[in-house]
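**Student:** need a structure here:
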Amino acid sequence: QVQLVESGGGLVQAGGSLRLSCAVSGDTFSSYPMGWFRQAPGKEREFIAAISWSGSIKYYADPVKGRFAISRNGATKTVYLQMNSLEPDDTAVYYCAADRTMQAVRTTTALYWGQGTQVTVSS
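**Tutor:** Residues are numbered from 1 along each chain as shown. From the prediction side, this is the model:
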């Protein structure tokens with residue numbers, strides 16, 4: 001079992017930055033690829049970024065390429081999402097996810113999910 005707890009969301013002006021954190025507990029953190037998703041009101045949950053268990057492979061969705069960066073720290077069992085140049089369209093609830101493969105963690109059917117953290121970007 002894996003438990004995920006997100007934090008770091010909030011209200012920020014367009015052009016600003018936020019760093020989201022996802023604290024992982026339970027099963028072996030180092031063996032799980034991790035992902036970030038978001039869901040805006042009235043929209044489906046969408047994939048944002050994923051990182052392999054080693055941290056050497058990263059994927060990003062096109063809307064966030066060049067602005068967001070995913071990373072992980074094995075010592076603290078935490079996954080981060082650094083978000084720069086934020087835009088009003090980035091407003092959503094952000095979720096972290098875990099699964100046993102990179103393919104699975106990039107889908108909305110990933111095994112484990114956090115409760116989400118709200119990010120609001122004002123214009």
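
**Student:** what's the pLDDT at residue 27?
**Tutor:** Residue 27 is assigned a pLDDT of 70 by the prediction.

**Student:** ok, now which ones touch it?
**Tutor:** With contact set as Cβ atoms under 8 Å, 6 or more residues apart in numbering, residue 27 has these partners: 1, 2. (Each C-beta comes from the backbone N, C-alpha and C, glycine too.)

**Student:** separation between it and residue 73?
**Tutor:** 17 Å (Cβ to Cβ, to the nearest Å).

**Student:** and if you look at residue 28?
**Tutor:** Taken as Cβ to Cβ, the span from residue 28 to residue 73 is 15 Å.

**Student:** next: residue 2.
**Tutor:** From residue 2 to residue 73 the distance is 16 Å (Cβ to Cβ).

**Student:** what sits against the nearest residue to residue 108 once chain neighbours are set aside?
**Tutor:** Counting by Cβ to Cβ, 6 or more residues apart in numbering, residue 108 lies nearest to residue 45, which is 5.2 Å off, once chain neighbours are set aside. Each residue near residue 45 by Cβ under 8 Å, 6+ apart is listed here: 37, 38, 39, 95, 108.

**Student:** pLDDT score for residue 45?
**Tutor:** Reported pLDDT for residue 45: 97.

**Student:** same check, this time on the one 10 residues further on
**Tutor:** The pLDDT attached to residue 55 in the predicted structure is 93.

**Student:** with residue 9 instead?
**Tutor:** On the pLDDT scale, residue 9 gets 97.

**Student:** and the closest residue to it other than its chain neighbours, how far from residue 58?
**Tutor:** Taking Cβ to Cβ, 6+ apart, and ignoring the residues beside it in sequence, residue 9 has residue 117 as its nearest neighbour in space, at 3.4 Å. According to Cβ to Cβ, residue 117 stands 21 Å off from residue 58.
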